[in-house]
Every structure is written in structure tokens, then in C-alpha cells.
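**Student:** What shape does this take:
(chains A, B and C)
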Amino acid sequence: MVNQTFPIEIIISNKPQARDPEGETITRDLMHKAGYDCVKDVRTGKLLSAKIEAQNEEEAKSKVLAMCNDLRLYNPIAHTITIRARN
Amino acid sequence: MLVGDLQTTLTPEELEYGRRQLGREPNALEWALIDAEWSEHCSYKSSKTTLSQLPTSGERVLLGPGYDSGVVDIGDGYVIALHIESHNHPSAIEPYGGAATGIGGVVRDILCMGTTPIAFLDSLRFGDITRSDHSKWIMKNVIRGIADYGNCIGVPTVAGEVEFDESFERNCLVDVVCLGVGRKDELLLAQATHPGDSVYLVGGSTGRDGIHGSTFASRTLTADSESDRSAVQIPDPFTKKLIIEATLESNTAKILRGCKDLGGGGLATGLSEIADKGGTGLEVCLEAIPIREPDMSPIEILISESQERMLLVAKEGTEPVLSGIMRKYGIAYARIAKVTNTEVISIVHCGRLIASLPTSFLANAPIIHRTSRVPQFRKPVPLQEHHVDSHEVLLALLASPTVTSKEWVYRQYDHEVGIRTVAKPGEADAAVVKLPNGKLAAIKVDGNSRLCQLDPYVGAAAVLAECCRNVVAVGAEPIAFLDHCQFGDPNDEEIFWSFSTTVKALADFARTASLPCVGGKVSFYNQDELTGTAIKPSPVIAVLGLIEKPEHVTKIAFRNDGDSVIVVGNTEAELGGSEFNHLLGIADGAAPRLNAELEIRTQRSVLECIRNGLVNACHDCSKAGIAAALSKMAVAGNKGAEIELERESVRIADHELLFSESNSRFLLTTKNPREIVNYLSSLDVPATNIGRVTGDTLRVKLRSRELSWSVEALRDAFHNSLQRIMEPWQK
Amino acid sequence: MNLDTQLIWHNDFTTTSFDAVIIPGGFSFGDHLRAGIIAASSPATEIVRRMANDGKPVLGICNGFQILIEAGLLPGALLRNSSLKFVCKWMKLHIRNNDSAFTCKFEKESEARMPIAHNEGRFFAEEDVLNRLEAEDSIVMTYADENPTGTSRGITAVTNKDRNVVGMMPHPERASDLALGGTDGLKVFESMVEWARC
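**Tutor:** Below is the predicted model of the structure:
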């Protein structure tokens, strides 16, 4: 099979159990103060948008996961990552 | 060890002691409180007896060890508070958050004395960054964590040191010192003294992060530590800044009777300690504690180490003023306890008593008497003849991680904020900051783990001596010190021996110098269970000095062509424990000797010369010897020098003369060489005029040859090396 | 300098009756989301905007500069330093424009030394905007030698068309005491006094 290029997104953010002071400040001091009460919660993260060469989308995602662990792109103590294919 | 369902670090003896003292079996919540407070990190149970050797009183000392910070009187109604903290275990697995929350922790200790934090210092120890990517990763993130946090709260990080050694590969050491200044009549203590007062919890919310942090710090790191998820805390310097302002404002409004930071052990230890110090009890209302997650158990709530929380003990009737201040800064606050005269800590949940322990029982862990054993005697290695290219060796030493300029580090720290920093990183032997009464404070932190491994007694004393020497070199009189003793597993008798020897050495030198210890810490269990590697003994010392007049401030740079260069003190053939030996892979000999009385006499007489306006530049001779010291003065001043060491080089080999790290030495530049030499000689302090500042080359004449280095070459080796190691891709 | 000054907590800043306002450096709202963005939408910034529109001298230092940009009172954007690290260093500056409220006491094309200390100080704008700023002489200061943060054309301070609003990344208040490293910063405040008098 021929290798294709898949657009894969990596989102790195604080674990759900951990506080996200940046998200809290944005919600409270920017959004709520300006009247956007509809916002219940905001959490921040870092987005890496990558193009991955692989035989299929699953392989692309698992390559990315392996790389994230190997290079410590996130620290499992404090962060969680979401890996998804971009449409 | 399991007690019921609870994991605990308490030994069977401690559990037995607990049952016996209390007269009954504590319930699960009570065991959890005891476990937190009696952990090594919080209770110092292994070290208290040993530490009691340290001299702690002096005419300026208002508060010594045993409080959140040491407090020293600096005259005119002002005081300085100082404290040292570490976050070794958290930083080893999450370096950014661990280091940042370490800064957050030490600033709370200063704040709860009612003083304003005005400076940080950091003392860091990592593995070999020239060989280990892991250590580079740890270092990068530790420094980023310290920078982000310190810069954000607007407290300058004004000085520090970094040491590298393989023993720190998996157990980095992250020490931070904080200095605060305040008025004597606004000094607060961390105690609840008046029944009827209220205890408020202010700041961040209480969640599940950081649970078991203090017990985490009381165990060695294992493979499981990597997944010790809850033991890491999230830094929030923005909230901290608001808390700093609100606490200081509350104190100025005279509504506070006490203030306590919540660190290791969370509320469990915070509440018990303020009651114990105040000789009172507390009735704690559990449901009043604001929690972040809806279903937290009482144990989780009380031992949580969520960051950015303080306890404020407010006088009865002051709630309106307090709430006004908290609302101004947008800080959450809740009244969670009432001070009672029962001398019992009672935890009440919706009217039901769920835990009750006598205050002094909870707050005072039984002392553990540890045994020690002297390690196998190490024969000194006979000095061998080496063919040494001293020219190349100096450049290599100036480029080696421990010796080289740490500019790559301190450029990331805002060292100017607060407009007090008179001597900035790299300019002088110690940092110098302005004080509100017109005087200045000099502050330095030092350590030397390789030397302490070689000889714990001489090594520890030498570290304290060097730190004092650095403070004297900027024109200050040492007035107090902090010590942080960092070792491996105290159950290992040889390690415990090196700890108790270290403390004895510090006590002996401090007594001879009449220098009181006003605080410190002990951090055990810095050991990797996988490899069994313990860190080298790492006492880290911070010395505070006082400078009477701004014109006394002295920096290291060569200033004027024609200034004479004077060496104070004798250089011996003592390469044991030196950077030179480490560079050449030479097995170590004996540590350089230290004559405490001579050291102190030398320091005092040099200070006298500085105060009399005779000294233009001053630098102590330590790591990498006199050659490195001359180089640093030349690079800082962008001027060379012509130095004659022919007479000295008759006694010992060239490389010994240039690179020995003998104690009690200074380099001075002056326009009055004869006056200085005569004065020092009259006091039996060795002093020799060895040359003058001139040109753009450092020339050193020895008996057999002359060595020379351009200042440019010295600068490149000294200033650009760390950048090259940390960011090899940058130009 | 014998000026009647007040340090005001942002929520208490409600009157436009002052003669000048300085927004200092720091980390307003922790620099969350983007430095200066949350502060830019606060009521205090509205007061600053009205004073600026009234022609009064308004100085934004470091974080203050970031706030003025996010509030739309100055052009361009301030991005993360290209080195991705905080930089604290004394810099040699080139004073390009001396007809603004905070530089009228400097000699045109002179040099000054002041420290910078920031993580997000890389001034950026697209080429056509930069050309316009040059043409309008709105560039107040640039770095004279090295450019540690990668700012476009070395720009480190800009002013508005009316010359009363100035934003600068260097800290003049930290360069106002010889014991701390230099006094070139004093001229910034002396300029403000001069301008307010005219």
C-alpha cells in the first residue's frame, strides 16, 4: 500500500483533575465580566497541527501517540493529550 | 505500611506510640492527620536532635529556627525575614510545576511573618547535562518554572547557583531562598493565641491535587513515582500575587493575630501547628472549607496540598474589614475554625464530631533516634605528576557546567523588578538589594556536594565559610545563615553519619564565627530506589549580610588600568574535591584544610579594608582556583592584567597554584596596595601584591613559564558555554 | 521630581481628572490568554482611553504597552520573544522620535540605556503597516545593537498620531538611579512634565 499524508491534531492540556488557572481567569475576568454568563467552563491547551505519513489513519494516530510519549511532548503527570484526525 | 485501608509511612513503633499516648485506637481520619504531621518532611523527627547543636541566638535575632521564617533585626524599626525551601521530589518528576510551586511555597513562609517578599535566590543541582538529555530537560523546565512564577509575582530572583553531578541525575535538588522585609511592629507569628479568634482559609480552592505530597517527599523515588499523579501541584502565581497584596494589607490594617502558609500536609499540619504554637485548640467546621470537587472525603480535604492557600487568624469582630480586603482583590475566603482554649483539635462535620486529637500530641511527632556508622576510611590518593596544559585547562574549566557563567539561567529571571537590585547576577560575589532604611542586604547561597562527599565535616564547614566570604566580598557583615541539609535515606547508617557530621561542622564553624542559624530545612530520601544511588551529601547554605553604606558595595570587575591586584590568603597544593580533579578524572585526595579562626580573621580584615574605601574590586577564590577568579574579574571589567606568581610557584606545582581551591582567599584590586598589605600583615593575614590591571590580556608569570589568555577568549569560554550546551542549535 | 502622584488600584480608577497616566509593567491577570488582553477590557482602561482622546500624556511600560495595544490605542502586536524565553537585560536604545509626550527631552537620534524584562515583547506588524509607521515617524525607540527578542526592525517603542500616547517595552523607572545602573530613564518622565506644561 502506498503511504499517504494524514492531518493529525494533538491537543495538550492540563489533566481534568488539575486546575487550569489560565482557563479560570479567562472565564471569570474576561468572559463573565463582559456578561457572557453562558460560558460555564474554559480549559486551555496547546494545539499541534501535524501532517503524518502513514498507510492509514489509525497508523498515523498511533505513530503520533508513540512520538508524544517518546519525546515527552506532554508530561503524563500533569497533562492529558487528545489525538485526532483533522477533517 | 497499611493501617486499616490507609497507606502510611509511619513505622510500627510510631503507630504503637500513637495508640499509647492517646489511650485508644485513632480512627481513619485521625490516623491520616497524624500520618501527615508526623511525616519526616513536616516533623523533622530524624533530625531535630541533631539540629539542636546549631547556634541560634544573636543580638539581632528575633526569631530563630522553628518558625516559618527566621527574622533578623536590621535597625530603624525594620526586620528581615528569610527562609529556604525545597521541592526536590516533585521537581524530579514534573520539573516545571514542581519548581514553580517551590517558589510559591517559600514566598508564603515570608508572607506569613507579615513581611513583604523582596528577593529570591535559587540553588539547583542536576545531573551531567553534557551527557544526559534527561537532566537537560529537567534543568530547562525547572528554570522556566522558577522564572514564570517569580517574574509573574514581581519578586526578583537576584542570585543563585547551579551544580552538576551524576548523583543528581534522577534526584535533582531545587532549593529556593526568599528574603522579606517589614516593620518590627507589624511582625506576625504563625500562631493562634486567643480563644475567640477566627481562622480563615483564603486563596485557592481545595482539591485533590497534591494529596500525600509531604509523605511523597518522605519516601525515595521509585518506578511508580512517575505515575504518582496526585502528588504534583499546579502553580498559580496570579492568585499568589493577589494573596500577597491582600495579606499585607490585612496586616497593616491590624486585624491579624497570626498567619500560616499551607504547604506540606495541608490543613492537617497548618491547623495543628498554629494551635500548638499558640497553646490553644481549634474547632474546625469541615463543611465550611470550600472544595473544588463535590465528593471529597474528610481525609482528602484535610491533607490536600492544593496550592495558593493561607490561613489567617483574625481578631474577633474584624470580619467586615477582612472581607472588604478579600473582595477588593477578588480572593476567595471562608471562616473555617474557631480558636478555643481546649488544647484539642476537633474536626466537626455538620454538627457531628469526626476527629479529636490533643494539639500537642498531633503537632509533636516522637523523635526517632537514628544510628550512624562511619564509612570505610578512604586513603588519600598520593598526588601524581601530571602533564597538564594549564592554558587549555583554564579554558576548559571556565566552560565546564559547574564553573561557567549561568547567564543562560539568570537572563530568564527578572532580577530588576522592585528597583532594589544594586548588585545584579554575575556582577558581584553576592546579590545586593536596597533596604528601606538606607542600608543594603547582601545575600548568597552556596553548596559543594563533591567536596562534602569527600569529607562531610570539612566540606560543610567550607561551604559555610565560602558563603560568608562571598558576602564579605561585596562589603557586607554576615549576620545570619540558613542551612538546608539534603541527603539520601536516613535509615542508611553511613548516610545518617554524614548528616550528623555535617551539622556538627556547621555548628562548630558558626560558633567560632558568632553567626546564628535562623532557619533551615532537612530533606532526606533523595535517593533513587531503582539504582540505589543516593545524592552526594548536599548541605546548601544561605548567608545574609548587612551593608551599612551604599559606597561599601563592591563588585568583581577590574575597574582601572594600573590598579594593583592583591591576593589575600595562601594557596596550597590541595586539589582534592576540586573542579580541576573532576575535569581530569583524578580520584580525589583530601579536602582543602580549613582553619576557622584564620578564615574569620581574614574575612573581617578584608571587610575593614572595603569599609575604609581602599578596595576597588573584590572576588573570593573558590571553584577552579585563583586562575578562574582572575579570569572572571577580567571578563567582568573587560580588562586584562599582568600577574606575577613566580614566588608562589617555587613551593607548589603550577597547576596546583592556579587551580587549588584552598580556603580563606580573596583577590582585591586597589590603588593603595601598600596600605592593604601592611594592614593585613599586621593581623597575620597573608597578603601579597601580585600585579596590576592592564591591557586586554590576562598574563600570568610562573617560575618556569608565562601563560596568557586574551580577555575575549576567556569571555567566550565563560559566557557562551552554557548556551552552547543547552541550545546547540542557536547561534 | 516633586510631582503629585498616586498609585491607584485598577478598580478604583474612575476619574479622568489627572494630568497624565502611566500604566506600569507587570503581569496583569497573570498574562493569561495573551499579555494585556484581559486588562484591556477592564473599566480602568476605558478611563485611560478617554484621557488619551483628551490629548493627555499616556505611557504604557512593558505590560502597559501590551494593554495599550490590545485596547487599540497603539498599532501593531506584541508576540512571544523569538527565543521563547523571558529576557532580562540592559539594552542600548536608539531614540528615533523626540516629539512625543515621553521623548521630547531626548536629543533626536541619540542613544540611551534601559533594561528590558519580558517574555512577550516581540513587536510585530505586517510590512505595509511598518512602512506606514516609519513614514508617520511613529517609531519612538529601537534597539541600537542586538535584538534579543526578534522584534520587527528592532522596534521597541511606538507612539500614536497625536504623539500623546506612547508604549515602550524598556523600563524607564528601572533606569532612574545610578546605583541601579543608569539614569537615562529619568528623561522619559521629564519629557512628560515638559509636554504637560506646553
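
**Student:** Can you read off the pLDDT for B:E40?
**Tutor:** B:E40 is assigned 76 on the pLDDT scale.

**Student:** got it, and B:E226?
**Tutor:** Listed pLDDT for B:E226 reads 48.

**Student:** quick one, what contacts B:Q191?
**Tutor:** B:R257, B:G258, B:I274, B:K277, B:G278, B:V313 (CB atoms under 8 Å, 6 or more residues apart in numbering or on different chains). Glycine gets a C-beta too; all of them are placed from N, C-alpha and C.

**Student:** For beta bridges, what are the partners of the second one?
**Tutor:** On the basis of DSSP bridges, B:G258 is bridged to B:L189, B:V313.

**Student:** what about it, distance to C:E70?
**Tutor:** 41 Å (CB to CB, to the nearest Å).

**Student:** more crowded one of the two?
**Tutor:** B:G258 (24 against 20; other CB atoms under 10 Å in any protein chain shown).

**Student:** ok, that one - contacts?
**Tutor:** Here B:G258 is in contact with B:L188, B:L189, B:A190, B:Q191, B:A192, B:T193, B:D197, B:I274, B:G278, B:L311, B:L312, B:V313 (CB under 8 Å, 6+ apart).

**Student:** ok, the closest residue to C:N147 other than its chain neighbours to C:G30 distance?
**Tutor:** Nearest residue to C:N147, sequence neighbours excluded (CB to CB, 6 or more residues apart in numbering or on different chains): C:G154, at 5.1 Å. Going from C:G154 to C:G30 by CB to CB gives 29 Å.

**Student:** Between these two, which is the more surrounded one?
**Tutor:** C:G30 (24 against 19).

**Student:** At the geometric centre of chain A, which residue do we find?
**Tutor:** A:I11 (1.0 Å; CA atoms, centre = their mean).

**Student:** How many residues are close by the closest residue to chain A within chain C?
**Tutor:** At 4.3 Å from chain A, C:H32 is the closest residue in chain C, using CB to the nearest CB. Burial of C:H32 is recorded as 21 neighbouring residues (other CB under 10 Å).

**Student:** Look at it and report its pLDDT.
**Tutor:** Predicted confidence (pLDDT) for C:H32: 90.

**Student:** isn't it right next to A:D20, touching?
**Tutor:** No. Contact criterion CB atoms under 8 Å: C:H32 and A:D20 do not qualify, at 10.0 Å.

**Student:** check contacts around B:A628.
**Tutor:** Taking CB under 8 Å, 6+ apart as the test, what B:A628 contacts is B:L394, B:L397, B:L398, B:V403, B:E579, B:F659.

**Student:** Which strand or helix spans residue 69?
**Tutor:** If you meant another chain, say so; for now it's chain A. Assigned by DSSP states H and E, A:N69 falls within helix A:57-70.

**Student:** right idea, wrong chain: chain C
**Tutor:** helix C:63-70.

**Student:** Quick check: the two most widely separated of the contacts of B:Q191?
**Tutor:** B:R257 and B:K277 (11.8 Å; CB to CB).

**Student:** which one in chain C is furthest away from the centre?
**Tutor:** Chain C, farthest from centre, CA atoms, centre = their mean: C:A179 at 23.5 Å.

**Student:** ok, it touching B:V422?
**Tutor:** Yes. Judged on CB under 8 Å, C:A179 makes contact with B:V422 at a distance of 5.3 Å.

**Student:** Overlap in contacts, those two.
**Tutor:** B:K434, B:P550, B:V553.

**Student:** could you dump those residues to CSV with pLDDT, secondary structure and distance to chain A?
**Tutor:** Output for the shared contacts of C:A179 and B:V422, formatted as CSV (pLDDT from 0 to 100; DSSP: H, G, I helix; E, B strand; the rest coil; distance: CB to the nearest CB, whole Å):
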residue, pLDDT, secondary structure, distance to chain A
B:K434, 97, strand, 32
B:P550, 96, helix, 40
B:V553, 98, coil, 39
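
**Student:** May I ask which of those has the most neighbours?
**Tutor:** B:K434 (21 neighbours).

**Student:** Now do it against B:K184, distance only.
**Tutor:** With CB to CB as the criterion, B:K434 and B:K184 are 18 Å apart.

**Student:** what's the answer for A:V42, then?
**Tutor:** 45 Å.
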